[in-house]
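Undergrad: A structural model of the following input is requested.
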Amino acid sequence: MNKENKTTIVVSSHDIQLDSDYVKWICDVKQRFRNTQIKAAVKVNSEQLLFNWQMGRDLVVRKAEDTWGAGIVEQVSLDLQNEFPLTKGFSARNLWNMKKWYSFYSSVSEAEHLLQNLTDQLDLGSIKLHQIGAEIEEITNDEKLHQVGAEMRFPTLFGFVPWRHHVEIVNRCKSVDEALFYIKKTIENGLSRNALIDILKADLYHTAGTAVTNFSEKLPTIQGKLAQQIIKDTYDLSFVSLPQGYDENALEDALEKNITQFLLELGTGFAFVGRQKEIVVSGKTRKIDMLFYHIHLKCYVVIELKATSFEPEFAGKLNFYVNAVNELIRTPDENPTIGLLICKDKDQTEVQWAFQGIQTPMGVASYDKVKLQEIQAQLPTAEQIQQRIDLAEEEYRLRIKEQ
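TA: Purely as a prediction, here's the structure:
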């Protein structure tokens, strides 16, 4: 064995010689254990979800309310809580959620087809569902045998999403396609319940991927689709407060002070690099409004902010900054830099014409819901302040004379 690959360490007074084979093996052991933990968590979650699915199915298929009366769900809740007093999840409200969950998907004829398409998409991504999907299939096999007719079987994909996430999605979504969009986001990004609620409230399904861009023409197919998905048509900046007549600098200041909220609004994967990022081109210093890095896309994202409506010349400036980042900052193993212009509003035709002839990938979005500071109107003017100073000085002089 090659001595150069060995390292000697002392553990419990015993000499141990470790080589590259050991390092490789122990890394493999650790990864296998992590996979085991993931499989166990998914399996437990899937068992509970399968019960919820079957409970909802029974209430629907058996037409429980018609058969036993309007209060049957409440009665089932009492019976289950009496039998399993230490088990949570048997409230009447939760049973109604189970029924709604099953009905939501089973009432749409193409639901299974949409679910299969989503599973295929995720298999192509960073999460390999087939690695642990077999664990869920073992759970659902018995359930399939007891299915009647064309009843919808428990979708394997659901096992990767916690129950409370499912409840939020079904209660807030109007279509199966919309619900599956949020299921995909939850699985891909490991969203907490609060993070899921945030993107549900932001209506990400209808706003993500609708910005005017040239990504499909200027980026490789896969990266172009991913880039399109992360860009919104309109960004909600209601978390910032600005004075009347604010300019770009004020907007940048507000976003930098609220960078955490801005990152949440931009979406998962964005990392803040800096504001007014300096670049030197031909001896001249230029400054990029805000520079980000997108972890999943593995590329820089140049963001230019405008407190006015879109103007065609904005595209040329953004194009310059994107090219500069590609030449001066980007490394050979990183994907092409993306440019994003966020302005007060935009005209789609103007944006499309402005993009013609530009080779760099870029998009244009708008923002709304900026809070204007009402406190400004309550503050005294400079003249009023001077008058009060003069009055105070006069009162002081009078006091001195009286003394």
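Undergrad: quick one: the helices in the stretch 101-250 of the chain?
TA: All helices of the stretch 101-250 of the chain, identified by DSSP state H, counting those that start in this stretch, fall at 111-123, 130-145, 163-172, 176-189, 193-201, 204-207, 215-218, 221-230, 248-257.
Undergrad: what about the following helix or strand past the last one, average pLDDT?
TA: Beyond helix 248-257 on the C-terminal side, the first helix or strand identified by DSSP states H and E is helix 259-266. For helix 259-266, the mean per-residue pLDDT is 86.
Undergrad: just to revisit the earlier point, looking at the helices of the stretch 101-250 of the chain, spot the one closest to Leu328.
TA: helix 215-218 (19.7 Å; C-beta to C-beta). C-beta coordinates here come from the backbone N, C-alpha and C atoms, glycine included.
Undergrad: hang on, the earlier thing: most tightly surrounded among the helices of the stretch 101-250 of the chain?
TA: Of the helices of the stretch 101-250 of the chain, the one with the most neighbours on average (mean count of other C-beta atoms under 10 Å) is helix 176-189, at a mean of 20.
Undergrad: which parts of stretch 80-96 are buried?
TA: Neighbour-count burial for stretch 80-96, counted by 16 or more other C-beta atoms under 10 Å, picks out Leu80, Gln81, Gly89, Phe90, Asn94, Leu95.
Undergrad: contact partners of the helix or strand where the fifth one lies?
TA: When secondary structure is defined using DSSP H and E, the element that contains Asn94 is helix 92-106. Identification of contacts with helix 92-106 by C-beta atoms under 8 Å, 6 or more residues apart in numbering yields 52-53, 55-57, 59-60, 73-74, 76-77, 111, 115, 151-152, 155, 166-167, 170-171, 176, 179.
Undergrad: Check the offset of that helix from the chain's centre.
TA: 26 Å (C-alpha atoms, centre = their mean, to the nearest Å).
Undergrad: Any idea which of the helices of the stretch 101-250 of the chain has the lowest pLDDT on average?
TA: For the helices of the stretch 101-250 of the chain, mean pLDDT drops lowest on helix 130-145, to a mean of 46.
Undergrad: Low-confidence ranges, the stretch 1-150 of the chain, go.
TA: For the stretch 1-150 of the chain, the stretches with pLDDT under 70 are 1-15, 119-150.
Undergrad: swap the cut-off to 50 and go again
TA: Within the stretch 1-150 of the chain, the segments meeting pLDDT under 50 span 1-13, 124-136, 138-140, 142-150.
Undergrad: cool, and the stretch 201-350 of the chain?
TA: Counting by pLDDT under 50, not a single residue of the stretch 201-350 of the chain qualifies.
Undergrad: just the angle between the longest helix belonging to the chain and helix 163-172, please?
TA: For the chain, the helix reaching the highest residue count under DSSP state H is reported as helix 20-61. Angle, helix 20-61 to helix 163-172, by axes from the mean of the first three to the mean of the last three C-alpha atoms, to 10 degrees: 50 degrees.
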